[in-house]
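In: no FASTA, just this:
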């Protein structure tokens, strides 16, 4: 399954040949003309690399919510995952992530930044393992399918006071500035339809639904986003599928990958869902434009 075994397919990528339906999309070469590789994890080791990742979903945010009087949705923020044959599997199982019962909301997530608070919400330490402003962000993945599941690959503001909720407990609104960029957000209930969400939160015109010509839970595909000042372009298997023009983040952002399970806008939790459910990631690569 590994992309390194698809040398002939990589040639097809470079030449712009379309990927046949029902087949894994090949990974492009690591070398990218005009770009400098700044972050790379091919998940070739049996354990998660703690130089790169925090294996939890925004654990600092749980404390932030407590201080601003908001309840946390999650019983446990710690991730459940396995790495097999060079594939990271962000996993939801019957008992893990830990929760009172399998219908309780849960999330398996890894991210490249977190934060910790001091005595007040104005006293915090940002714990960056990686964050970047502008560039090319790429993932090769296969999504989990099922009602009440959400597969996510995001960029997010690393400063806690600039995330979704202000220090006085107010949720930000459209037009308040960019908090999050969804490189891909895919609801498991929509696997058959091929729909994905591409978002620039919280802008007025940066929300798109794109219909892929395939089921993203059946094969691996490559999603990428180029972020530059005033513009974001989304790519699927090497082809531009959406372009946003408007306000973009003015600070560096961190990477977040997650598989969520809950009842809400992503659908109603299916009590008969069989486990495990995996959001499978072949690699993550980030580049910055080379300067002359």
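Out: All right, it came through fine. For clarity, every value in this text was computed on a predicted model and none was experimentally measured.
In: Against residue 87, how distant is residue 44?
Out: Using Cβ to Cβ, to the nearest Å, residue 44 is found at 10 Å from residue 87. C-beta: built from backbone N, CA, C; applies to glycine.
In: So these two - more neighbours on which side?
Out: Each of residue 44 and residue 87 has its neighbours counted (other Cβ atoms under 10 Å); residue 87 has more, 21 against 13.
In: Surely the more buried one and residue 282 touch.
Out: Yes - in this structure residue 87 lies within contact range of residue 282 using Cβ atoms under 8 Å: 6.0 Å.
In: ok, the closest residue to residue 221 other than its chain neighbours - contacts?
Out: Counting by Cβ to Cβ, 6 or more residues apart in numbering, residue 221 lies nearest to residue 25, which is 4.5 Å off, once chain neighbours are set aside. Each residue near residue 25 by Cβ atoms under 8 Å, 6 or more residues apart in numbering is listed here: 19, 140, 219-222, 237.
In: which one among these gets closest to residue 257?
Out: Comparing the contacts of residue 25 against residue 257 with Cβ to Cβ places residue 140 closest, at 11.9 Å.
In: Verify the contact between the closest one and residue 224 for me.
Out: No - the criterion here is Cβ under 8 Å, and residue 140 misses it with residue 224 at 9.4 Å.
In: The closest residue to residue 98 other than its chain neighbours: what secondary structure?
Out: The shortest distance from residue 98 to any residue other than its chain neighbours is 4.3 Å, reached at residue 76 (Cβ to Cβ, 6+ apart). Of the three states, residue 76 takes coil according to DSSP: H, G, I helix; E, B strand; the rest coil.
In: What separation do you get for residue 76 and residue 110?
Out: Per Cβ to Cβ, residue 76 is found 15 Å from residue 110.
In: got it, and residue 116?
Out: For residue 116 relative to residue 110 (Cβ to Cβ), the value is 18 Å.
In: Next: residue 147.
Out: Distance from residue 147 to residue 110, by Cβ to Cβ: 24 Å.
In: check contacts around residue 148.
Out: Residues near residue 148 by Cβ under 8 Å, 6+ apart: 188-189, 261-263, 266-270, 273.
In: on that earlier part again, compare residue 147 and residue 110 (neighbour count), which wins?
Out: Neighbours per residue (other Cβ under 10 Å) separate residue 147 from residue 110, with residue 110 holding more: 23 against 18.
In: which one is that one nearest to, not counting chain neighbours?
Out: residue 53 (4.4 Å).
In: Quick check, that neighbour in contact with residue 113.
Out: No - using Cβ under 8 Å, residue 53 makes no contact with residue 113, being 9.9 Å away.
In: Please enumerate the shared neighbours of those two.
Out: residue 129.
In: Who are the contact partners of the residue positioned nearest the centre of the chain?
Out: For the chain, the residue nearest the mean C-alpha position is residue 153 (1.2 Å; Cα atoms, centre = their mean). For residue 153, the contacting residues are 139, 141, 182-185, 223, 255-257, by Cβ under 8 Å, 6+ apart.
In: So which of the residues you listed are in strands?
Out: Per DSSP state E, strands hold the following members of those: 139, 141, 182-185, 223, 255-257.
In: quick one: the helices in the stretch 51-200 of the chain?
Out: Per DSSP state H, counting those that start in this stretch, the stretch 51-200 of the chain carries helices over the ranges 59-68.
In: where along it do the strands fall?
Out: Assigned by DSSP state E, counting those that start in this stretch, the strands in the stretch 51-200 of the chain fall at 81-84, 87-92, 106-111, 113-117, 124-128, 135-142, 149-157, 180-187, 195-201.
In: what's the closest of these to residue 40?
Out: Comparing the strands of the stretch 51-200 of the chain by Cβ to Cβ, strand 135-142 comes nearest, at 9.7 Å.
In: Compute the inter-axis angle for the closest one and strand 87-92.
Out: 70 degrees (axes from the mean of the first three to the mean of the last three Cα atoms, to 10 degrees).
In: Please give the number of neighbouring residues around residue 241.
Out: Neighbours of residue 241 (other Cβ under 10 Å): 16.
In: just the angle between the helix or strand it falls within and strand 195-201, please?
Out: In this assignment (DSSP states H and E), residue 241 forms part of strand 239-245. Orientation of strand 239-245 against strand 195-201 (the same axes, to 10 degrees) gives an angle of 30 degrees.
In: For strand 239-245, buried residues please.
Out: For strand 239-245, burial by neighbour count (16 or more other Cβ atoms under 10 Å) applies to 241-242, 244.
In: And that strand, what does it pack against?
Out: strand 195-201, strand 207-211, strand 231-236 (3 or more Cβ pairs under 8 Å, 6 or more residues apart in numbering; DSSP states H and E).
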